[in-house]
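Peer 1: Mind looking at a prediction? Sequence and model below.
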Amino acid sequence: MFADRARVRIHSGKGGDGHVSFRREKYVPSGGPDGGDGGRGGDIIAEIDQSCNTLSEYRHRRKFSANDGEPGGKRRCHGSDAEDLILRVPEGTIIKEASTGRVIADMSGSNLRQVILKGGRGGLGNMNFATPTMQAPAYAQPGKPSRELDIELELKLIADAGLIGYPNVGKSTILSRVTNADPKIANYHFTTLSPNLGVVSLDGGEGFVLADIPGLIEGASEGSGLGHEFLRHIERTRMLIHVVDASGSEGRDPVDDVYKINEELRKYNSRLAELPQVIAANKMDLIGPEAEDPSERIRAEFEPKGIRVFSVSGVSGKGLKELFYFVNSKLKEIGRETVTFPQEYFPEAELSGEEEQLPFDVHKDDKGVYIVEGPRIEKMLGYTNLESEKGFLFFQKFMKENGILDMLTEAGIQEGDTVKLYGWEFEYFK
């Protein structure tokens with residue numbers, strides 16, 4: 001089965017926690033802090049894999065998680081960074097944030113590898129928090145948390161030209177005739193369910209990639225049938241080959257078919273309606289030698305509008321050489337720049353609302369005094385005048401908003417107990 005869309009949840013790795021330890025060496029009775037930093041959590045990275053052409057791997061597995069970073073160790077040992085998790089995708093895959101549909105990455109052109117979700121940074125060990133006033137910090141920084149995101153993978157085929165048209169007009173037959181593709185072909189009154197890619201090889205080493213887009217119908221732009229599923233695959237093409245059944249064997253008017261399909265293109269994406277187009281009046285082998293040539297009516301309708309019409313037969317191959325040499329020359333005029341979709345969603349900015357996690361430590365010493373320590377507290381006391389009413393109110397707000405009052409409650413503090421912060425002592429009242 002051709003899988004061209006999948007929805008998965010990705011989970012980056014958490015950063016390893018910093019370590020709290022102190023030097024314990026012979027003849028060094030009061031060694032300093034030597035707790036090491038935690039390792040970085042694994043990133044989630046998308047990478048183009050030229051050997052795959054569908055998203056089938058992501059149909060059967062819905063969650064991808066990177067490993068966490070290792071915690072730091074004693075003796076200043078740094079925890080190991082976690083390995084990144086690589087999501088291998090075919091070229092042309094667009095990665096979107098699932099709930100909004102905004103583009104995170106377009107894996108095409110020169111974009112071969114992109115970080116989708118970064119892992120958490122490792123926390124700092126207590127060796128980083130020693131200061132002249134606090135030479136033995138008993139706290140370390142926890143690792144930054146992991147991140148989780150639901151994403152949608154959507155494959156938009158990268159082809160130079162696309163074969164479009166109603167079901168059963170002979171697109172697959174033409175593709176099989178001029179490329180190395182092997183589409184399933186039969187005289188069915190319904191359409192191929194999978195897009196097919198093939199390379200058209202011309203003299204002199206020239207050629208281009210051709211996509212057979214499954215048959216479109218009226219209402220495709222609104223999703224009728226499998227309209228949206230198919231239309232997305234021609235968003236990158238540089239030129240369209242509109243195949244019609246010139247013989248009318250399906251009972252439809254080929255001129256009317258062209259107008260209807262072009263209207264569906266315009267409704268879905270106005271850019272598609274403006275792409276250079278050529279018409280292949282197919283199934284000319286079904287026209288008897290004495291019958292009127294139906295391609296002349298198609299030619300009279302569209303060539304004055306600048307759209308070339310070629311009489312072809314996918315079965316016999318008649319007219320296909322002229323058609324594809326013309327397409328090749330037009331593609332050279334257009335140039336080979338790949339249509340890419342710009343990034344609209346930036347996970348690093350969208351998901352990083354949390355404040356920097358710096359540690360606090362609350363403990364009770366052997367005299368029953370509650371000691372509160374932490375680099376943010378020390379920094380705050382450095383710029384806050386606690387002797388002023390305004391400064392003391394700011395101090396109280398800081399203690400509450402950062403959860404320090406809750407930590408004191410959990411530690412068992414009672415009214416009248418003493419709290420000590422870097423030389424300042426307070427009596428605790430609720």
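Peer 2: In hand now; what should we look at?
Peer 1: Could I get the full set of helices for this structure?
Peer 2: 57-60, 171-178, 227-231, 254-268, 270-273, 295-302, 320-334, 347-350, 375-383, 389-401, 404-410 (DSSP state H).
Peer 1: hey, least reliable of these by pLDDT?
Peer 2: Here those differ in mean pLDDT, and the lowest is helix 227-231 at a mean of 57.
Peer 1: wait, which of the helices of the chain is closest to G73?
Peer 2: G73 sits nearest to helix 375-383 of all those, at 21.0 Å, using CB to CB. The C-beta positions use only the backbone N, C-alpha and C, and glycine is treated the same way.
Peer 1: Quick one: closest of the helices of the chain to D203.
Peer 2: Closest among those, once you apply CB to CB, is helix 320-334, at 8.7 Å.
Peer 1: rewinding a little: using TSV, lay out the helices of the chain together with distance to Q114 and mean neighbour count.
Peer 2: Below are the helices of the chain laid out as TSV (distance: least, CB to CB, whole Å; neighbours: other CB atoms under 10 Å):
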stretch	distance to Q114	mean neighbour count
helix 57-60	16	15
helix 171-178	32	23
helix 227-231	25	19
helix 254-268	27	18
helix 270-273	24	14
helix 295-302	42	18
helix 320-334	27	16
helix 347-350	11	13
helix 375-383	34	15
helix 389-401	37	13
helix 404-410	40	15
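Peer 1: Just put these in TSV and tack on distance to L155.
Peer 2: Shown next, in TSV, are the helices of the chain (distance: least, CB to CB, whole Å):
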stretch	distance to L155
helix 57-60	10
helix 171-178	18
helix 227-231	11
helix 254-268	17
helix 270-273	17
helix 295-302	32
helix 320-334	22
helix 347-350	21
helix 375-383	47
helix 389-401	47
helix 404-410	49
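Peer 1: Break this structure into its domains for me.
Peer 2: Using automatic domain parsing, the domain parsing of the chain gives 1-155, 161-334, 361-427.
Peer 1: Reformat these as TSV; add distance to Q343.
Peer 2: Output for the domains of the chain, formatted as TSV (distance: least, CB to CB, whole Å):
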stretch	distance to Q343
domain 1-155	6
domain 161-334	17
domain 361-427	34
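Peer 1: re the thing from before, wait, which of the helices of the chain is closest to G125?
Peer 2: helix 375-383 (12.7 Å).
Peer 1: ok now the closest one, how far from the chain's centre?
Peer 2: How far helix 375-383 lies from its chain's middle: 41 Å, per CA atoms, centre = their mean, to the nearest Å.
Peer 1: Give me the distance between V362 and I371.
Peer 2: Distance, V362 to I371, by CB to CB, to the nearest Å: 7 Å.
Peer 1: I meant to write V20 there.
Peer 2: Plainly put, V20 is 15 Å away from I371 if you go by CB to CB.
Peer 1: more neighbours, the two?
Peer 2: V20 (20 against 16; other CB atoms under 10 Å).
Peer 1: was I right about that one contacting A136?
Peer 2: No - between V20 and A136 there is no contact under CB atoms under 8 Å: 10.1 Å.
Peer 1: So in terms of bridging, what pairs with the nearest residue to R308 once chain neighbours are set aside?
Peer 2: Closest residue to R308 apart from its sequence neighbours, by CB to CB, 6 or more residues apart in numbering: V278 at 5.0 Å. Using DSSP bridges, the beta-bridge partners of V278 come out as I241.
Peer 1: Show the pLDDT at R102.
Peer 2: 91.
Peer 1: Quick one: neighbours of it, just the number.
Peer 2: For R102, the count of nearby residues is 13 (other CB under 10 Å).
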